[in-house]
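>>> Structure for the following, please:
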Amino acid sequence: MNACPKSVFILGGVEGSSAREVLKNRTIEKVVLCTNNKELVNFCRTNLTKNKEAFRREELHLVFNDAI
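Next up, the predicted model:
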């Protein structure tokens, strides 16, 4: 594991909690969150106040696709 990662890939993590925690690391330049559930992401982005900021960050890139 890299002690100073610059990019992170999250498979699933639709609610944004993993992204929120990863983005606390100041070395992170890019987080790719891949999920196939756009509706649930939109629900979480709107309703989970603890994770709203993570969804607003420019470092977070959402990919809506089946990861399998």
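>>> where's residue 59 relative to residue 21, distance?
13 Å (CB to CB, to the nearest Å). In this view, the C-beta of every residue, glycine as well, is placed from N, C-alpha and C.
>>> Between the two, which is the more surrounded one?
Taking other CB atoms under 10 Å, residue 59 and residue 21 do not tie; residue 59 has more neighbours (16 against 12).
>>> thought that one was touching residue 27?
No. Using CB atoms under 8 Å, residue 59 is not in contact with residue 27, being 10.8 Å away.
>>> Leaving out the residues flanking it, which one is nearest to residue 25?
Counting by CB to CB, 6 or more residues apart in numbering, residue 5 is the residue found nearest to residue 25 once chain neighbours are left out, at 7.0 Å.
>>> what's the neighbour count on the one you found?
Residues near residue 5, counting by other CB under 10 Å, number 14.
>>> Check what pLDDT it gets.
Model confidence at residue 5, given as pLDDT, is 90.
>>> tell me the pLDDT at the spatially most central residue of the chain?
Centroid-nearest residue in the chain, with CA atoms, centre = their mean: residue 19, separated by 3.6 Å. With respect to pLDDT, residue 19 scores 98.
>>> The lengthiest helix in the chain - contacts with which helices or strands?
If you go by DSSP state H, the chain has its longest helix at helix 38-47. Packing partners of helix 38-47 (3 or more CB pairs under 8 Å, 6 or more residues apart in numbering; DSSP states H and E): helix 52-56, strand 60-64.
>>> List the buried residues in the first one.
Translated: helix 52-56. Within helix 52-56, the residues that qualify as buried are 54-55, counting by 16 or more other CB atoms under 10 Å.
>>> Many thanks, have a good one.
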